[in-house]
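Student: need the 3D shape of this:
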Amino acid sequence: MSLKTIWKDYKVLIIMVPSLALVHWGWFHIKSSPLFQVKTESSKSQVLGPAFGSQESHETLQA
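Tutor: Below is the predicted model:
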């Protein structure tokens, strides 16, 4: 098998596998970047409301 035959038969595979790997690698780095991280503590208390996840709710329940 010559390089010309390999290129002709597997052109899509040769292009798409490294492209897909680079896209996944880039997406992983974007997700792990602190610039794009959401603060989970404040968003958790906003979504669940004052009855869940906040320190004040624990203090009022214990009193």
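Student: alpha carbons only for contacts and neighbour counts from here, please
Tutor: Will do.
Student: now do the helices in the chain.
Tutor: According to DSSP state H, the chain carries its helices in the segments 3-9, 11-32, 40-48, 55-62.
Student: ok, and what's touching the longest one?
Tutor: Helix 11-32 is touched from outside by 7, 36, 37, with contacts defined as C-alpha atoms under 8 Å, 6 or more residues apart in numbering.
Student: and this protein, what are its domains?
Tutor: Here the domain parsing of the chain from automatic domain parsing is 1-32, 38-63.
Student: these: lowest mean pLDDT?
Tutor: Per-stretch mean pLDDT for the domains of the chain is lowest at domain 38-63 (a mean of 57).
Student: for the contacts of helix 11-32, give me TSV that also has distance to residue 17 and neighbour count.
Tutor: Shown next, in TSV, are those (distance: C-alpha to C-alpha, whole Å; neighbours: other C-alpha atoms under 10 Å):
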residue	distance to residue 17	neighbour count
7	14	13
36	27	9
37	29	10
